[in-house]
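1. Everything below, folded, please.
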Amino acid sequence: MNDFSRQNKITGVYWLKGSVENIKIRVKLKPIDGLISLPKLEEFTSTPNMIRSEIQEHTFIWQEKSFCIRELQQYANVHNCITDTELTYHNMITNSNYEPSNVFTYIHDDYHLPLPNNVKTNKSGIFDLSFCMSMLKLNENARSIQQSSSMGHLFRSEENVDCDEEQWAAMHVMLDNSEYNGDSQLLLKQEITLVSIYHNKINNYLIMSPDVNDLEGNSYAVDTALGVPLGYEYSIEVDFEEMGNSEELTTLLRKLLKRWEKKQKYLMTFSMPPLDKKQYCISLDILSATDFDMDDLYIEYNIKIPETMSCNGDLHGRTHTSKALGTHNTQEWNFGYIIELDLEMPVDLDPPSLQIFFEVISTDWWGRHRTEGYSYLPLTLDIGCYRKQLTCSRPEESDRVQGESRRFFVGGCHLIKDLEVLAQPQLQDTKFVFTTIGTLSIQWNIISQTHIPRADYTPLPSTSTASAVLLGAEAVLRQYRKARARLAAATKDLTGSRKDGDGDG
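-> Okay, here's the model as predicted:
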């Protein structure tokens, strides 16, 4: 559960292309400590809208009126109804069997909270501090409070609504946490706003406070006006699928998809490998190095491929220079250098291994380059993703004093003339020995592509001119062979009869 999301509720804005009448607002309410009933509602658990399961779900359409217990008690008595809206609610309750709900709604005609345009802004869209201070004048009359103050809804009625508010319509989903006695009479009124939705009729957009969220990932907490938690969490969802513009939007998306597919058809052409070839794509990443003596390291690599392979890519290169991170005892050099190779070989041969040689080199302020270590990787062409730690070793002269002096003053000397000695230690020269030092961390990915034709495969004309000429020549040769066979079959009988006639004469 995300505590930040529960305590810091944000506001969302949604632009509409169609009517707002068909949207659905879905509120899910769940007790934090498990299956419990809402406070002070034990007397009404027999009604269908009360909590009977761990999660209760309430769905409302735009401007749908739902009543709590207090409203049913109030509007059921016609003597409590004065305004036209209250009389309408009385008729609704009288003509229909409305059940009380702990989650109910205030619609626009209830004038529950001030609308967004009650707070004026300056031209730049930033709230004017002088205007806010003017709202604190305590000697203004009730009429001016109605026009500008956030307390204006206390003085509002259907007769004195500001004409500017015609561009807004509001709806509020509430939670009834009031206290009632055994006769369902109100003892203490306590209503918590779960979500407020404002619709701008001119520009056709919604403002939701708070915004939609997820009950499992970032639920909102139900708190009183004083910030006291009630032990519940809830989520908000808005369904736009049944809006009138859904068909128009679907048609637009299909047209965009066709245009995208048509464009990608020319931009992303996949080239199949030849029928007699197999291709390998290798991506090797030199990640990091650890436990070396000197700083400012870079890595040179040399790759040897078998003669049966052809390669598209750099077989020799070097990384950038990296500085050590961490403490003196645990130093690490990060590289993140990627080597990409495209290999091709005959399809009827087993893939041989590649030989990859790494040389770790350090630099200093004097421009000296020292070999810190070598490593060797026999890379088998097995499809998959792999990661490995390579141990590095450094050749040192038999005379350690002379070797260390030469290494300090001039950076040492290249004792290894041929890197093949790393793959075949028996070729090692006895004039130097190897000392293990440092490790390299690498990972690589290998994929393979082979063109296997189907039984009904018919070769398509290639874009290559040479391939087109070859295919044409093969077609002409096949036709010539067929014609020659038909000619031989047709003249076979003729040749036999001619020989018979000669014999008779």
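
2. Going by C-alpha atoms from here, please, whenever you check contacts or count neighbours.
-> OK.

3. the helices in this protein, which residues?
-> Using DSSP state H, the helices of the chain run over 3-7, 69-76, 84-95, 129-134, 142-148, 246-267, 400-410, 420-423, 465-504.

4. Lowest average pLDDT across these?
-> Confidence, taken as mean pLDDT, is least for helix 142-148 of the helices of the chain (a mean of 40).

5. domain ranges for the chain?
-> Per automatic domain parsing, the structural domains of the chain span 3-111+157-249, 277-450.

6. Figure out which of these is closest to residue 492.
-> Nearest to residue 492 among those is domain 277-450 (43.1 Å), distances taken as Cα to Cα.

7. First-to-last residue distance for that closest one?
-> Start and end residues of domain 277-450 are separated by 7 Å (Cα to Cα, to the nearest Å).

8. quick one on the thing from earlier: wait, which of the domains of the chain is closest to residue 482?
-> Shortest distance between residue 482 and the domains of the chain, using Cα to Cα, is found for domain 277-450: 30.6 Å.

9. Pull out the buried positions in the top strand by length along the chain.
-> Looking only at the chain and at elements set by DSSP state E, the strand with the highest residue count is strand 432-450. In terms of neighbour count (16 or more other Cα atoms under 10 Å), strand 432-450 has its buried residues at 432, 437, 438, 439, 440, 441, 442, 444, 445, 446, 448.

10. Mind putting these into CSV with pLDDT and distance to residue 422?
-> CSV is the format used below for those (pLDDT from 0 to 100; distance: Cα to Cα, whole Å):
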residue, pLDDT, distance to residue 422
432, 70, 13
437, 85, 15
438, 89, 16
439, 92, 15
440, 93, 16
441, 94, 18
442, 94, 18
444, 94, 21
445, 94, 24
446, 93, 24
448, 90, 28
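
11. Need these in JSON lines (columns: distance to residue 354).
-> Formatted as JSON lines, the entries for those read as follows, by distance: Cα to Cα, whole Å:
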{"residue": "432", "distance to residue 354": "27"}
{"residue": "437", "distance to residue 354": "24"}
{"residue": "438", "distance to residue 354": "23"}
{"residue": "439", "distance to residue 354": "20"}
{"residue": "440", "distance to residue 354": "18"}
{"residue": "441", "distance to residue 354": "18"}
{"residue": "442", "distance to residue 354": "15"}
{"residue": "444", "distance to residue 354": "13"}
{"residue": "445", "distance to residue 354": "14"}
{"residue": "446", "distance to residue 354": "12"}
{"residue": "448", "distance to residue 354": "15"}
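
12. Looking at those, which is nearest residue 233?
-> Nearest to residue 233 among these is residue 445, at 45.6 Å by Cα to Cα.

13. closest one to residue 479 among the domains of the chain?
-> Set against residue 479 and scored by Cα to Cα, the domains of the chain come closest in domain 277-450, at 28.2 Å.

14. I'd like to know how far the closest residue to residue 385 other than its chain neighbours sits from residue 302.
-> By the measure of Cα to Cα, 6 or more residues apart in numbering, the closest residue to residue 385 outside its immediate chain neighbours is residue 445, 4.4 Å from it. In this structure, residue 445 and residue 302 are separated by 18 Å, where distance is defined by Cα to Cα.

15. Could you do residue 177 as well?
-> Using Cα to Cα, one gets 74 Å for the distance from residue 177 to residue 302.

16. same deal with residue 404?
-> Distance from residue 404 to residue 302, by Cα to Cα: 27 Å.

17. Residue 177 and residue 302: which is more packed in?
-> Neighbour totals were compared for residue 177 and residue 302, and residue 177 leads with 20 against 16 (other Cα atoms under 10 Å).

18. The more buried one against residue 103, yeah?
-> No. Look at residue 177 against residue 103 with Cα atoms under 8 Å: they stay out of range, at 9.3 Å.

19. Give me the helix or strand of this protein that scores worst on average pLDDT.
-> The least trusted helix or strand in the chain, going by mean pLDDT, DSSP states H and E, turns out to be helix 142-148, with a mean of 40.

20. How about residue 339: what's its closest non-neighbour residue?
-> Using Cα to Cα, 6+ apart and skipping the chain neighbours, the partner closest in space to residue 339 is residue 284 (5.0 Å).

21. surely the residue nearest to residue 385 meets residue 283?
-> Yes. Because the distance of 5.3 Å satisfies Cα under 8 Å, residue 445 is recorded as touching residue 283.

22. So for stretch 31-39, mean pLDDT?
-> Stretch 31-39 carries an average pLDDT of 57.

23. Equivalent analysis for stretch 213-224, please.
-> Averaging pLDDT along stretch 213-224 gives 84.

24. for the closest residue to residue 235 other than its chain neighbours, what are its contacts?
-> In space, not counting the residues next to it along the chain, residue 235 is nearest to residue 215; the distance is 4.9 Å by Cα to Cα, 6+ apart. With contact set as Cα atoms under 8 Å, 6 or more residues apart in numbering, residue 215 has these partners: 28, 233, 234, 235.

25. Of all pairs in the residues you listed, which one is the farthest apart?
-> By the measure Cα to Cα, 28 and 233 form the most distant pair in the contacts of residue 215, at 8.4 Å.

26. And the two? Which one has more around it.
-> Between residue 28 and residue 233, counting by other Cα under 10 Å, residue 233 is the more crowded of the two (21 against 18).

27. residues in contact with the closest residue to residue 232 other than its chain neighbours?
-> On the basis of Cα to Cα, 6+ apart, the spatially nearest residue to residue 232 that is not a chain neighbour turns out to be residue 31, at 4.4 Å. Counting by Cα under 8 Å, 6+ apart, residue 31 touches 54, 55, 231, 232, 233.

28. thought residue 333 was touching residue 322?
-> Yes. Residue 333 is in contact with residue 322 according to Cα under 8 Å; the separation is 5.9 Å.

29. what is in contact with those two at once?
-> When contacts are counted by Cα under 8 Å, 6+ apart, the set common to residue 333 and residue 322 consists of residue 297.
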